[in-house]
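[1] heads up, no residue letters with this:
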């Protein structure tokens, strides 16, 4: 396993360089798609377009697109056939954040170091921006000239399954209903496999879906994605306690203030860190079994659970 830690610890040059490369690539593609929407708008760059740009082209880590690119490259899939999936995934993730921040949901005023969309613009605009991001995601996949129709259908299926009522949206509903309660560990695990883990797992599957090996390795990728997704959420819960608002780019302690169900609340902080590390160890072992020979994916797996924001 590659030893890698962010924050005060030594960074992996490979991860830093490659992640930046993927971030630049998906940001450039997203910018092109939004410019196209501007050109198609009858009144040019109106408030909806401005808000769409604001909520999408920000300081996001772009980890989910990076997982798509990394898995695809590990399976020798050309990057230009992965761009649509990477953009679509980031748009779905961004839309979920815009809606999560709304007063009716988490009621947050800060996201990625900037005022949330409904604070910068208004609540109605933020709702419509999230809707626009969601529909644009599927438009980008369906119109991609570099992807076959068969692969487009598979990508859309993966993304809808991950983001729908049996994935992210369903997990969000459980999260809302569980506020103020302390569920069993298996219930908390199920919620986070849906709310957070589904998009992470789907990113890996979308990255692999155009490979001839896909059917043979799909089940193992799903297991790997579940482990990484859970570790990501456990670390999120830990950071809500240990990190600062400035570092996180969103309000520190917001989960505790909202009385959310979290791993530290259920297990304690020390045990949560032990659980996170156990998940990452198993994820690295599963990744090795996939025989992808991707040092970047190894580093990214460790970073996901050791990141400082």
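    Yes, it's here. Quick caveat: nothing in here was measured; it's all calculated off a predicted structure.
[2] In this protein, which residue is most central in space?
    With the centre of the chain defined as its mean C-alpha position, the nearest residue by Cα atoms, centre = their mean is residue 64, 4.5 Å away.
[3] what residues does the helix or strand hosting residue 270 touch?
    Here residue 270 is covered by helix 269-290, with elements defined by DSSP states H and E. Helix 269-290 has contacts (Cβ atoms under 8 Å, 6 or more residues apart in numbering) with 1, 217, 220-221, 223-224, 227-228, 230-231, 234-235, 237-238, 241-242, 263-264, 267, 294, 297-298, 301-302, 304-305. C-beta: built from backbone N, CA, C; applies to glycine.
[4] Could you give me the ChimeraX syntax to select whichever of the residues you listed are buried?
    Taking 16 or more other Cβ atoms under 10 Å as the burial criterion, the selection of buried members of these in ChimeraX is written as:
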select :217,221,223,224,227,228,230,231,234,235,237,238,263,264,267,294,297,298,301,302,304,305
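[5] which stretches of the stretch 101-250 of the chain have low pLDDT?
    Screening the stretch 101-250 of the chain residue by residue with the criterion pLDDT under 70, one finds the ranges 243-250.
[6] Residue 81 versus the residue nearest to the centre of the chain, what's the distance?
    Distance check for residue 64 against residue 81: by Cβ to Cβ, to the nearest Å, it reads 17 Å.
[7] Look up phi and psi at residue 147.
    The main-chain torsion angles of residue 147 are listed as degrees, to the nearest 10 and equal phi -120, psi 140.
[8] Might you report the residue contacts of it?
    Taking Cβ under 8 Å, 6+ apart, we find residue 147 in contact with 81, 84, 141, 155, 210.
[9] now do residue 22
    Going by Cβ under 8 Å, 6+ apart, residue 22 touches 62, 65-66, 69-70, 86.
[10] Any idea how far stretch 68-80 is from the middle of the chain?
    17 Å (Cα atoms, centre = their mean, to the nearest Å).
[11] Check the separation of the first and last residues in it.
    12 Å (Cα to Cα, to the nearest Å).
[12] In contact with residue 162, which residues are there?
    Contacts of residue 162 by Cβ under 8 Å, 6+ apart are 92, 168, 198-199, 201-202.
[13] Can you list the residue ranges for helices in the stretch 1-150 of the chain?
    In order along the chain, the stretch 1-150 of the chain carries the following helices (DSSP state H, counting those that start in this stretch): 13-40, 47-56, 63-74, 83-100, 117-120, 123-142, 149-163.
[14] Same question for the second one: list its buried residues.
    Residues of helix 47-56 classed as buried by neighbour count (16+ other Cβ under 10 Å): 48-49, 51-56.
[15] coming back round to it: using JSON lines, lay out the contacts of residue 147 together with distance to residue 23 and neighbour count.
    Compiled in JSON lines, those are given as follows (distance: Cβ to Cβ, whole Å; neighbours: other Cβ atoms under 10 Å):
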{"residue": "81", "distance to residue 23": "19", "neighbour count": "16"}
{"residue": "84", "distance to residue 23": "17", "neighbour count": "26"}
{"residue": "141", "distance to residue 23": "20", "neighbour count": "23"}
{"residue": "155", "distance to residue 23": "21", "neighbour count": "26"}
{"residue": "210", "distance to residue 23": "22", "neighbour count": "20"}
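[16] Which of those sits closest to residue 105?
    Within the set of the contacts of residue 147, residue 141 lies nearest residue 105; the separation is 26.3 Å, counting by Cβ to Cβ.
[17] isn't that closest one right next to residue 85, touching?
    Yes. Because the distance of 6.7 Å satisfies Cβ atoms under 8 Å, residue 141 is recorded as touching residue 85.
[18] and for these two, which residues touch both?
    Both residue 141 and residue 85 are in contact with 155, 159, where contact means Cβ under 8 Å, 6+ apart.
[19] Hey, what's the angle from the helix holding residue 270 to helix 63-74? Just curious.
    Using axes from the mean of the first three to the mean of the last three Cα atoms, to 10 degrees, the direction of helix 269-290 lies 20 degrees away from that of helix 63-74.
[20] Report the buried residues of helix 269-290.
    With the criterion 16+ other Cβ under 10 Å, helix 269-290 contains buried residues 272-273, 275-276, 279-280, 282-284, 286-287, 290.
[21] Could I get the contacting residues of the closest residue to residue 125 other than its chain neighbours?
    Setting aside the residues directly before and after it, residue 125 is nearest to residue 51 in space (Cβ to Cβ, 6 or more residues apart in numbering), at 5.0 Å. With contacts taken as Cβ under 8 Å, 6+ apart, residue 51 has the following neighbours: 117, 120-121, 125-126, 128-129.
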